[in-house]
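1. what follows is a protein structure lacking sequence information:
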């Protein structure tokens, strides 16, 4: 079995903790380890180390190399960010030379998974289904009418393998509006799209050929150069020209292949915003539901998230629902409900040429 | 004419900008200069430099000495904080040897005065009245039912001197409750007690003798040693034993002397809290009424006060009515309406042995 760990994210939504040089997957926001380290460790009982491909942006290649020191996992460097279809396609080129019909797990490097055993069990089932040429995804039972996630609509066809049931998927749907998300929640036929997929390299490359022929053509050029002296040059020349499209939009929403979903029985979060992190760290909340990560004290304060990467004292006084992120050169004080806007703030600072985003 | 500048405050209410080693009067919170420097400069057109006495706590003697370098103003060092009656009494001992019947202005070193010319004009009138043995205070027209200030109740007797009217005072009243303060505001017979007084050294020492005999006795002991080799030893031994009482409570609320008030025609603030500073700096407010003192940007944010003594970027996102004070070793994020509680927070940190209060 193979795995491709997608670690190309730029992580603007966790500014100022995340930076251009240090995106979210390299932050220790959910525990003692970085999300990246947790992702690698989680997959290792299932996938032999040398079968793990880590795809990273060139800006983070050195950092990633340090994390992988002593590991036989392979690193693939993207000269430019080109979204998940290109990223998975690139890894599939390499996997197809070693095991074109072996299951290949594609998963993000910056998500939270609550139970590793359940996670691995779901992937084992997914891998069995993928061997037959199907595309398999892990679906998450919605807890709320979330508008920030894509959804998958399950059909009536279902089965059972390795003691675990699965459903045929009717279709993938993009982030819905609030009303639609509420309906999905009521109907019970929709799952959140976790962005974790299992397929064979052959299957996904065939899908790319069918639905994204230009991308396929570029990938072929890169694939043909693997092993040759000019490979790096070809990657340099071609990768940046590939269409930047997500695997969800480019393939999953278009495919006519058989797609199955396995319902996750583990807690999951894409940790997409500071607000999501606050929700996730409920075990760390004090009696007033403050999550204080760092040297912080709270007085008459409730439901705040403090994340500090300095050794300064942070004192909260009479405040509620705040996000305080303290770093050596930048401080963010925001309302937790404005977590989505951190991205826009980051964009503004970048446009202004502020070095604090780097 | 003489002046005593009371600079013994510990300034816990402006933590973390103010520290035990750097109280409020030494902060540049209202403009380019410290409140202490502004106080000295303000009085200089009226009082010859060598007639200015600055009373400071021993913890701030070195700092004060640096500010007074090159000046002929005299510094009196308190071995311990003993409130304003002892502070004024100590200065009066020195003044009484040079001009016992000359007006002596006693004023805090950490207040804001909006118009220096008006301030000096009011003091000139006060000084004329004080020569006759009266106690004179500057009263501030109340703008709101403030419960944080003492009040003075004016009587019907009034006069005019140097083209300016004054009123006899019926009584001094301590900080009232909200209901009483509202009534004062409606009745129009009350002024805020600015804590600025003018009297002769002879008058105030006689008042101390009458109403605070133990304090008077201690002061006499100190006074008798002035000029002798053992003076510092006497101050060391005696000052700490003096009763720590305010001039307002110990003398003004008890006195049977004639007390006059001159109504200030300048804007004034005791800058007693971060909230008061926010109000004061209205000229610095941006279009969303944020006061951003330091390298700060605000997005979807209004009515916030940022005070930074670091060169870090402070970013506000979607927050309102907040106080953000950024210093190298401590950060305060509070609600502006909880400004009064900064004192309690400081006390808690001090009890916990946190070095960030030092």
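-> Happy to help now that I have it. All values derive from a computational prediction rather than experimental measurement.

2. pull out the buried residues from stretch A:340-351.
-> Of all the residues in stretch A:340-351, those buried under the rule 16 or more other C-beta atoms under 10 Å in any protein chain shown are A:341-343, A:345-346, A:349. From N, CA and C alone the C-beta is placed, and that goes for glycine too.

3. contacts only, for the closest residue to residue A:275 other than its chain neighbours.
-> Sequence neighbours aside, residue A:339 is the residue nearest to residue A:275 in space, at 3.8 Å (criterion: C-beta to C-beta, 6 or more residues apart in numbering or on different chains). Residue A:339 makes contact with A:13, A:273-276, A:323, according to C-beta atoms under 8 Å, 6 or more residues apart in numbering or on different chains.

4. let's see which of those end up in helices.
-> A:274-276 (DSSP state H).

5. JSON lines for those, including pLDDT and neighbour count?
-> JSON lines is the format used below for the ones in helices among the contacts of residue A:339 (pLDDT from 0 to 100; neighbours: other C-beta atoms under 10 Å in any protein chain shown):
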{"residue": "A:274", "pLDDT": "97", "neighbour count": "26"}
{"residue": "A:275", "pLDDT": "95", "neighbour count": "20"}
{"residue": "A:276", "pLDDT": "94", "neighbour count": "17"}
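
6. quick one: which of those is nearest chain B?
-> Among the ones in helices among the contacts of residue A:339, residue A:274 lies closest to chain B (C-beta to the nearest C-beta), at 10.0 Å.

7. picking that back up, for the residue nearest to residue A:275, helix, strand, or coil?
-> Taken by DSSP: H, G, I helix; E, B strand; the rest coil, the conformation at residue A:339 corresponds to helix.

8. what's the pLDDT at it?
-> On the pLDDT scale, residue A:339 is placed at 95.

9. and what of residue A:31?
-> For residue A:31, pLDDT reads 88.

10. ok, and the closest non-adjacent residue to it?
-> residue A:38 (7.1 Å).

11. chain A - how does it break down into domains?
-> A:2-272, A:283-357 (automatic domain parsing).

12. now do the last one: distance from first to last residue.
-> Start to finish, the residues bounding domain A:283-357 are 30 Å apart (C-alpha to C-alpha, to the nearest Å).

13. with the first one instead?
-> Between the opening and closing residues of domain A:2-272 we find a distance of 26 Å, counting by C-alpha to C-alpha.

14. that one: how far from the chain's middle?
-> Between the mean C-alpha location of domain A:2-272 and the chain-wide mean there is a distance of 7 Å, by C-alpha atoms, centre = their mean, to the nearest Å.

15. in the stretch 51-200 of chain A, what residue is nearest chain B?
-> When C-beta to the nearest C-beta is the measure, the stretch 51-200 of chain A has its nearest residue to chain B at residue A:148, with 17.0 Å between them.

16. ok so, going back, including secondary structure, could the buried residues of stretch A:340-351 go into CSV?
-> Converted to CSV, those look like this (three-state DSSP):
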residue, secondary structure
A:341, helix
A:342, helix
A:343, helix
A:345, helix
A:346, helix
A:349, helix
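
17. what is the nearest of these to residue A:58?
-> residue A:346 (20.2 Å; C-beta to C-beta).

18. what parts of chain A come near chain B?
-> A:16, A:297, A:299-300, A:312-319, A:322-324, A:326, A:328-335, A:337-338, A:341-342, A:344-345, A:348-349, A:354, A:356 (C-beta under 8 Å from any C-beta of the partner chain).

19. now for residue A:25: which residues touch it?
-> Residues counted as contacts of residue A:25 (C-beta under 8 Å, 6+ apart) are A:7, A:9, A:11, A:34-36, A:39, A:109-110.

20. quick one, phi psi at the residue most central in space within chain A?
-> When chain A is reduced to its mean C-alpha position, the nearest residue by C-alpha atoms, centre = their mean turns out to be residue A:108, at 2.9 Å. Note on residue A:108: backbone dihedrals following degrees, to the nearest 10 are phi -70, psi 160.

21. so it makes contact with residue A:196?
-> Yes - Residue A:108 is within contact range of residue A:196, at 7.3 Å (criterion: C-beta atoms under 8 Å).

22. the domains of chain A: which one's closest to residue B:217?
-> It is, among the domains of chain A and with distance given as C-beta to C-beta, domain A:283-357, at 42.8 Å.

23. could you pull out the helices for the stretch 201-350 of chain A?
-> Residue ranges of the helices in the stretch 201-350 of chain A, as given by DSSP state H, counting those that start in this stretch, are A:201-211, A:213-225, A:231-239, A:247, A:274-280, A:342-351.
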